[in-house]
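Q: requesting a structural model of the entry that follows:
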Amino acid sequence: MKKMIVIIVILAIIFVGMIAYKNIVIKTSNIGIQEIEKIENYMKQIYMWKEVTKEALPCFEDINQADETWIWEVVQKNLEEYEISYEKMGEKAKELFGNNFNKEFPKEGTKNLTYNEENNLYYAISVELDQQEDMFLLNKIDKISHGYEVEIIEYLEDYSQAIAENQIVIRDIEGKEITKINVQEEGKINEIVKNNAEKLNKKKIVLKSENEKLHVEKIYQ
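A: Down below sits the predicted model:
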């Protein structure tokens with residue numbers, strides 16, 4: 001009985017947290033919690049690291065005009081494999097970007113995916129990441145005729161001082177310090193970012209809902 005009560009309390013806390021995230025962090029109307037989760041999960045799939053793709057999320061009018069480094073790094077990230085076939089790259093690209101995506105993965109590979117002629121596979125090259133996490137916060141979601149228009153706030157979580165000074169530095173995407181918080185207050189980052197939204201970069205993303213999946217169509221500021 002006690003176990004059941006504990007489980008119920010935990011589930012209630014999670015549910016309340018989800019409601020708070022919906023009502024406080026995101027400005028939206030007629031959008032359910034499951035829709036928000038679906039959008040956030042997809043955004044996590046396509047949001048990269050600036051030290052790998054120069055921009056964590058580049059702007060474009062059409063997915064086929066997007067920066068190719070970003071495109072194929074997104075595909076590689078979501079395959080999460082060291083050895084990748086040409087066919088897998090194409091299949092995952094269609095899964096992530098939809099049927100309108102018509103770019104072909106370069107046969108010679110990319111700077112971070114080298115081609116091995118002996119086994120006809122591409123090998124991922126390890127990339128050194130810094131201690132600044134490229135992050136986004138869902139700020140506003142509007143339903144449109146074929147999907148959603150999503151506004152995000154972009155920022156960096158800098159953990160370089162987390163051990164020595166017990167602090168996390170919140171920066172804008174250019175690296176300018178916005179504020180610092182104690183590591184123990186990490187759970188308040190969303191609220192802090194929201195309160196400093198006017199100092200941070202924002203982007204709008206048009207997402208198409210297609211066969212119960214989301215595909216990015218356009219990104220602009």
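Q: give me the phi and psi for residue 103.
A: When read as degrees, to the nearest 10, the backbone of residue 103 gives phi -80, psi 150.
Q: what's near enough to touch the residue nearest to it when sequence neighbours are not counted?
A: Nearest residue to residue 103, sequence neighbours excluded (C-beta to C-beta, 6 or more residues apart in numbering): residue 64, at 5.8 Å. C-beta: built from backbone N, CA, C; applies to glycine. Contact analysis of residue 64 by C-beta atoms under 8 Å, 6 or more residues apart in numbering lists 100, 101, 102, 103.
Q: ok, the third one to residue 59 distance?
A: Computed with C-beta to C-beta, to the nearest Å, the distance linking residue 102 and residue 59 is 20 Å.
Q: for residue 172, same thing?
A: Distance from residue 172 to residue 59, by C-beta to C-beta: 17 Å.
Q: okay, now the domains of the protein?
A: Using automatic domain parsing, the domain parsing of the chain gives 2-49+129-220, 63-124.
Q: how far off centre is the first one?
A: Translated: domain 2-49+129-220. How far domain 2-49+129-220 lies from its chain's middle: 9 Å, per C-alpha atoms, centre = their mean, to the nearest Å.
Q: thinking again about what came up before, between the contacts of residue 64, which sits nearest residue 68?
A: residue 103 (7.0 Å; C-beta to C-beta).
Q: that closest one - how many residues pack around it?
A: Other residues near residue 103 come to 16 when the count uses other C-beta atoms under 10 Å.
Q: same thing with residue 67?
A: If you count neighbours by other C-beta under 10 Å, residue 67 ends up with 15.
Q: ok so, going back, who's more crowded, residue 102 and residue 59?
A: residue 59 (15 against 10).
Q: distance check, the more buried one against residue 115.
A: Separation of residue 59 from residue 115 (C-beta to C-beta): 30 Å.
Q: residue 210 now?
A: 31 Å.
Q: and what of residue 132?
A: To residue 115, residue 132 is 31 Å away according to C-beta to C-beta.
Q: swap in residue 109?
A: 4 Å.
Q: likewise for residue 158?
A: Relative to residue 115, residue 158 is positioned 36 Å away (C-beta to C-beta).
Q: more crowded one of the two?
A: Neighbour totals were compared for residue 158 and residue 115, and residue 158 leads with 19 against 15 (other C-beta under 10 Å).
Q: not counting sequence-adjacent ones, nearest residue to that one?
A: In this structure, residue 158 finds its nearest non-sequential neighbour in residue 169, 3.9 Å apart by C-beta to C-beta, 6+ apart.
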